[in-house]
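Engineer: How does the following fold in three dimensions:
(2 chains)
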Amino acid sequence: MAKAITQRKDNYSQWYLDIVKRAGLADHSKVKGCMVIKPTGFAIWENMRDELDRMFKETGHVNAYFPLFIPKSFLSREAQHVEGFAKECAVITHHRLMNDPDGNGVVVDPDAKLEEELIVRPTSETIIWDTYKDWINSYRDLPLLINQWANVVRWEMRTRLFLRTTEFLWQEGHTAHATREEAMEEALQMQRVYAEFAEEYMAMPVVKGIKTANERFAGADETFTIEALMQDGKALQAGTSHFLGQNFAKAFDVKFLNKENQQEYVWATSWGVSTRLLGGLIMTHSDDDGLVIPPKLAPTQVVIVPIPKPGPEIGEAADKVMKALRGRGIRVKFDDDEKNRPGFKFAEHEMKGIPVRIGIGKRDLEKGQVEIARRDTKEKTFVPIDEAAAYIENLVAEIQNNLFERAKQFRDDNITKVDNFDDFKEAVSGSGNSEIESWGGGFVSAHWDGTTETELKIKELTKATIRCIPLDNEKEEGQCVLTGKPSGQRVLFAKAY
RNA sequence: CGGGGCGUAGCGCAGUCCGGUUAGCGCACCUGCUUUGGGAGCAGGGGGCCGCAGGUUCGAAUCCUGCCGCCCCGACCA
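Structural biologist: Numbering: from 1, shown residues only, chains lettered A, B, ... in the order given. Below is the predicted model:
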């Protein structure tokens, strides 16, 4: 009881940190801005990765791997791209150490300076398009649909576990197409894949939308995004898919011979999601008792806690239930660790977000039942032991569904339509109906005149940015919330991670 | 990179202002016994270069200088 974590309403970011640490997901490493992803956190990432990988392959993609290092000159080939990433690159200048002449360990050997510095990839467009140049000659080589699972480095000023770390894990898809239409459809398809993954597996509702020019990926003609709303009313960009036009094809001179025997530049996309999704997962579902993981991604879906009394009956009953659950494809663990008492285990498994707990004690067995507790609502119920597996198979599906519906309700409740700037400021800065002290304001749906100038002015005045122009937006005449100029549709603003 | 806070046992902290026995507490850990249906109790025990490096002093966790790291809030960003 004395081990409660920080409450969301008191200090939301400390609550988040407490969960990451106490649920054993990750630690700060000794390297500034980097994290150690611990086995539990990595197991969730593996589940996410496996599902995404399956979805990528079902849509025709294959995996490959490109180098960690990028020659400095490659990065500067595409003007917008280098401008976007130059400020956050780790640079390799030397390739050897030597003993310190003064006897203090090792120092960089000044004679081992690289002729051309290498950049640790912040993203791989440049090295990949330099390679695609050699792979693509004819329309018959297209489309090229490649994904890679990798780590990347972006030297950010301020980091937060999972949400923004100097090094992070992700996947980056890089595709090449013969036509503009096909590349555009690929970018949109992958946005749909991300949205489906977020909603079906993470139970995290997202808005599919288009980024404004200001928020666009460096080097893209169009960026598609999925945006989620966290419990503190701040938006999280959860995944992006870019239509790159012919920008990289031109920068790296990637042409193909079409059916009419003419040279054409290739059309491109790139798309990625990262370990940031874990931050989104945590902040979408977890509560003041700890982590909540949707069953489809939970490394352990069901934990059985024995209430110890002398005799083998409890272990036998647990075995029986475990076999039945495994027969239904459910991941179950028996916590027979004698070191801890049941009460401790209950609290611990709740902290770690295991969706379902089964308690089995002598009293239960006398009645031929087990106790089943669900993490999402904390409800407990008793079920005949022979029906437990079937009950739980339904229950995990229901929990998955409930988590999504709950998050969707929250999200929908926190989209505020405003039509003047005073209401806009109130929506973004006010505490609304939330108890959370650092409440971000949720999504604000408002008219915008379409200019970057207005977007930046609003950001300066309120710290809210345009998260996206929703894809399924209704056309609606109105006036820009700041300038009063005519606008044909609303866009979604929010303070963002 | 600016502002604020913090580095003392695995974790969380007290002690630092005002220098002085052997640096203390809770949790965790080890041993034993009793326990076990919501974070067990008792007894005994182990564990510290007080962030690092200099300096002042008879004497430094405590004072001074420099450095490093982390957290929070900004600016930047996935």
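Engineer: Quick check, pLDDT for the closest residue to A:Asn99 other than its chain neighbours.
Structural biologist: Of all residues not flanking A:Asn99 in the chain, A:Val106 sits nearest, at 6.0 Å (CB to CB, 6 or more residues apart in numbering). Any C-beta I mention is one placed from the backbone N, CA and C, and that applies to glycine too. pLDDT for A:Val106: 77.
Engineer: residues touching A:Val106, list them.
Structural biologist: A:Leu97, A:Met98, A:Asn99, A:Asp100 (CB atoms under 8 Å, 6 or more residues apart in numbering).
Engineer: Which of those scores worst on pLDDT?
Structural biologist: Within the contacts of A:Val106, lowest confidence goes to A:Asp100 (77).
Engineer: Report the secondary structure element holding the spatially closest residue to that one that is not a sequence neighbour.
Structural biologist: Nearest residue to A:Asp100, sequence neighbours excluded (CB to CB, 6+ apart): A:Val107, at 4.7 Å. Assigned by DSSP states H and E, A:Val107 falls within strand A:106-108.
Engineer: strands paired with that strand, and their directions?
Structural biologist: According to DSSP bridges, strand A:106-108 forms sheet pairs with strand A:97-99 (antiparallel).
Engineer: Identify the residues contacting the strand it pairs with?
Structural biologist: A:Gly105, A:Val106, A:Val107, A:Val108, A:Asp109, A:Ala112.
Engineer: switch to 10 Å and redo it
Structural biologist: Residues outside strand A:97-99 that contact it (CB atoms under 10 Å, 6 or more residues apart in numbering) are A:Gly105, A:Val106, A:Val107, A:Val108, A:Asp109, A:Pro110, A:Asp111, A:Ala112.
Engineer: ok, the last one to A:Ala90 distance?
Structural biologist: Which is A:Ala112. 18 Å (CB to CB, to the nearest Å).
Engineer: what do you get for the second one?
Structural biologist: Between A:Val106 and A:Ala90 the computed distance is 20 Å (CB to CB).
Engineer: what does the stretch 51-200 of chain A put close to RNA strand B?
Structural biologist: Proximity of the stretch 51-200 of chain A to RNA strand B (CB under 7 Å from any atom of the strand) is limited to residues A:84, A:87-88, A:154, A:156-161, A:163-166, A:168.
Engineer: Out of those, which end up buried?
Structural biologist: A:Gly84, A:Arg154, A:Thr159, A:Arg160, A:Leu161, A:Leu163, A:Arg164, A:Thr165, A:Thr166, A:Phe168 (16 or more other CB atoms under 10 Å).
Engineer: Which member of those residues is positioned nearest A:Asn47?
Structural biologist: Nearest to A:Asn47 among those: A:Phe168, at 17.5 Å, using CB to CB.
Engineer: That closest one touches A:Trp155, doesn't it?
Structural biologist: No - applying CB atoms under 10 Å, one finds A:Phe168 not in contact with A:Trp155, separated by 12.0 Å.
Engineer: from the buried ones among the residues of the stretch 51-200 of chain A next to RNA strand B, which two are the most distant?
Structural biologist: The widest separation within these (CB to CB) is 24.3 Å, between A:Gly84 and A:Leu161.
Engineer: still on that earlier bit, ok, so of the residues of the stretch 51-200 of chain A next to RNA strand B, who is nearest A:Gly368?
Structural biologist: A:Leu161 (45.3 Å).
Engineer: so that closest one sits right up against A:Met283, yeah?
Structural biologist: No - applying CB under 10 Å as the test, A:Leu161 and A:Met283 come out as separate, 11.4 Å apart.
Engineer: Need the residues touching each of these two.
Structural biologist: By CB under 10 Å, 6+ apart, the residues touching both A:Leu161 and A:Met283 are A:Tyr16, A:Ile19.
Engineer: OK, contacts around the closest residue to A:Lys113 other than its chain neighbours?
Structural biologist: Excluding its sequence neighbours, the residue lying closest to A:Lys113 (CB to CB, 6+ apart) is A:His94, at 5.6 Å. For A:His94, the contact set (CB under 10 Å, 6+ apart) comprises A:Val108, A:Asp109, A:Pro110, A:Asp111, A:Ala112, A:Lys113, A:Leu114, A:Glu117.
Engineer: The third one: neighbour count?
Structural biologist: Other residues within reach of A:Pro110, judged by other CB atoms under 10 Å, total 9.
Engineer: Now do the same contact list for it.
Structural biologist: Counted by CB under 10 Å, 6+ apart, A:Pro110 has contacts A:His94, A:Arg96, A:Met98.
Engineer: Turn those residues into a markdown table, including distance to A:Phe346.
Structural biologist: Output for these, formatted as a markdown table (distance: CB to CB, whole Å):
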| residue | distance to A:Phe346 |
| --- | --- |
| A:His94 | 54 |
| A:Arg96 | 55 |
| A:Met98 | 57 |
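Engineer: in what helix or strand does A:Gly191 lie?
Structural biologist: Not quite, residue A:191 is Gln, not Gly. A:Gln191 belongs to helix A:180-200, assigned by DSSP H and E.
Engineer: hmm, who's touching the following helix or strand past that helix?
Structural biologist: Per DSSP H and E, the first helix or strand lying C-terminal to helix A:180-200 is strand A:207-210. Strand A:207-210 is contacted by residues A:188, A:191-192, A:194-195, A:198, A:216, A:222-229, A:235, A:238-239, A:241, A:243, A:411, A:415, A:443, A:466-473, A:491-492, A:494 when judged by CB under 10 Å, 6+ apart.
Engineer: quick one: strand A:207-210 near RNA strand B?
Structural biologist: No - contact of strand A:207-210 with RNA strand B (CB under 7 Å from any atom of the strand) is absent, the minimum separation being 12.8 Å.
Engineer: And that strand, how far out from the chain middle?
Structural biologist: 15 Å (CA atoms, centre = their mean, to the nearest Å).
Engineer: repeat for stretch A:467-476
Structural biologist: 22 Å.
Engineer: Is any residue of it near RNA strand B?
Structural biologist: No - residues of stretch A:467-476 contacting RNA strand B under CB under 7 Å from any atom of the strand: none, with a closest distance of 10.2 Å.
Engineer: Domain parsing of chain A, as residue ranges.
Structural biologist: The record assigns chain A these domain ranges, following automatic domain parsing: A:12-285, A:300-397, A:414-494.
Engineer: distance between the ends of the longest one?
Structural biologist: Looking at domain A:12-285, the gap from its leading to its trailing residue is 14 Å under the measure CA to CA, to the nearest Å.
Engineer: my guess is A:Val428 is in a strand, correct?
Structural biologist: No - assessed with DSSP: H, G, I helix; E, B strand; the rest coil, A:Val428 is helix; it does not lie in a strand.
Engineer: So what's the residue count around it?
Structural biologist: 26.
Engineer: same deal with A:Lys378?
Structural biologist: Here the number of neighbours of A:Lys378 (other CB under 10 Å) works out to 10.
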